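Colleague: sequence first, then the predicted structure, then my questions.
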Amino acid sequence: MHRNDSVLRWLAGMLLVAVCAPGVCGAEPADDGKLRIICFGAHPDDAEFKAGGTAILWARQGHHVKLVSVTNGDIGHWQMAGGELAQRRTAESQEAAKVLGTAAEVLDIHDGELLPTLEHRRTIVRLIRNWNADIVISHRPWDYHPDHRYVGALVQDAAYMVTVPYFCPDTPALTKNPVFLYSSDRFQKPYPFQPDIAVSLDDVFEQKCLAVSKLVSQVFEGGANGSQEYVDSVPPASDPEARLNWIRERWTQRQAGEADTHRQALIRWYGQERGRAVKYAEAFEICEYGRRPTPDEIQRLFPFFGEAQ
């Protein structure tokens, strides 16, 4: 592609809007006694990567899960950008949500430009209230990517404000504070991730890999740090089984690493025998700014701890 063509496509893209995936955004779920979980990621892959397996487990039991990308991901590719990419990544997020069994929404905020403003705080608060969330998941506010950090900060700022009636009075305040959780990371400063909760993915690992495979621009093309060399190293789209095996190999290492790193948390929630046997896992830290759940409440919020794997 010529440089002038790239510039023109970028400018044209700025006129397009990446919105929530049609039919997938998800209105407030019915008051049916089921749990309501909303998970915020900075880009259209973060929530899927960090909490997709646990989302499947909730969804399988009929609980309501929504994944929100706070930016539209419009610079997250090495070869394309702007509205064209934002729409592509929104569509990918929609396809992943179909596999996960969740709702999905992509906000119209430019990738790489997120700031913890009052306007964005209001947006996050309204989303949590409209979903009537029992659990809210986000990045920790210490991360290599500014968008990740600011999603964490915005969700932290919402942790109290969701219950304040005259903040965003156009959206009814929650009568009880949700439990706020951080997804796992490996950053050590100012303090390392604390695995308060770890979830076995052994029964849903294949389904998560399939969902991840729908995020083509990031997984098979390398996202912002991809290259033609990277694309050439990946099995071709004409061989979907080889592509799925390629993902399986890489995510086996990733999720097995989570299980090994957070083994003691798995034992805490599954018991010695089952906890030691878990192959794949996701882990979460309880944010001190939301409701502090008791062990019994955690069992209620993660009802699959008692299920046989």
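Modeller: Sure thing, it's come through. Not measured: the values here are computed from a predicted model.

Colleague: what's the average pLDDT for stretch 98-111?
Modeller: Averaged across stretch 98-111, pLDDT comes to 98.

Colleague: also stretch 245-264?
Modeller: The model assigns stretch 245-264 a mean pLDDT of 98.

Colleague: stretch 115-124 too?
Modeller: The model assigns stretch 115-124 a mean pLDDT of 98.

Colleague: show residues contacting it.
Modeller: The contact list for stretch 115-124 (CB atoms under 8 Å, 6 or more residues apart in numbering) reads 40, 70, 107, 109, 114, 150, 153-155, 157-158, 161, 167-168. The C-beta positions use only the backbone N, C-alpha and C, and glycine is treated the same way.

Colleague: could you pull out the buried residues of it?
Modeller: 116, 120-124 (16 or more other CB atoms under 10 Å).

Colleague: ok so, going back, which of the contacts of stretch 115-124 has the most neighbours?
Modeller: Within the contacts of stretch 115-124, most neighbours by other CB atoms under 10 Å means Val155, with 32 neighbours.

Colleague: can you list contacts of the helix or strand where that one lies?
Modeller: Secondary structure assignment for Val155, by DSSP states H and E: helix 146-161. With contact meaning CB under 8 Å, 6+ apart, helix 146-161 is reached by 40-43, 46, 70-71, 111-112, 114-116, 120-121, 124-125, 128, 136, 138-143, 167-168, 177, 180, 182, 287, 289-290.

Colleague: what's the answer for stretch 45-57, then?
Modeller: 37, 39-41, 65, 67-69, 73, 89, 92-93, 96, 100-102, 137, 139, 148, 183-184, 199, 201, 203-205, 207-208, 211-212, 215, 218-219, 223, 255, 280, 282, 284, 302, 304.

Colleague: narrow the residues you listed to those in strands?
Modeller: 37, 39-41, 65, 67-69, 137, 183, 199, 282, 284 (DSSP state E).

Colleague: between these, which sits nearest Asp260?
Modeller: Glu282 (13.1 Å; CB to CB).

Colleague: check what pLDDT the closest one gets.
Modeller: 98.

Colleague: can you check Asp31 too?
Modeller: 81.

Colleague: quick one, phi/psi of Thr163?
Modeller: Phi and psi for Thr163, reported as degrees, to the nearest 10, are phi -100, psi 0.

Colleague: show me where the protein has helices.
Modeller: Under the criterion DSSP state H, the chain carries helices at the ranges 3-13, 46-60, 83-100, 118-131, 146-161, 205-213, 216-219, 228-233, 240-261, 263-270, 272-277, 295-301.

Colleague: what's the closest of these to Ala173?
Modeller: Closest to Ala173 of the helices of the chain, according to CB to CB: helix 118-131, at 6.7 Å.

Colleague: circling back to that earlier point, among the helices of the chain, which comes closest to Gln194?
Modeller: helix 263-270 (9.2 Å).

Colleague: the nearest residue to Ala259 once chain neighbours are set aside bridge partners, please.
Modeller: By the measure of CB to CB, 6 or more residues apart in numbering, the closest residue to Ala259 outside its immediate chain neighbours is Ala281, 3.9 Å from it. Counting by DSSP bridges, Ala281 is bridged to Ser200.

Colleague: roughly how far does Ala281 sit from Ile128?
Modeller: Per CB to CB, to the nearest Å, Ala281 is found 26 Å from Ile128.

Colleague: more neighbours, these two?
Modeller: Ala281 (28 against 25).

Colleague: neighbours around Gln194, how many?
Modeller: The burial count for Gln194: 15, using other CB under 10 Å.

Colleague: isn't Arg60 up against Gly101?
Modeller: Yes. Using CB atoms under 8 Å, Arg60 is in contact with Gly101, at 6.9 Å.
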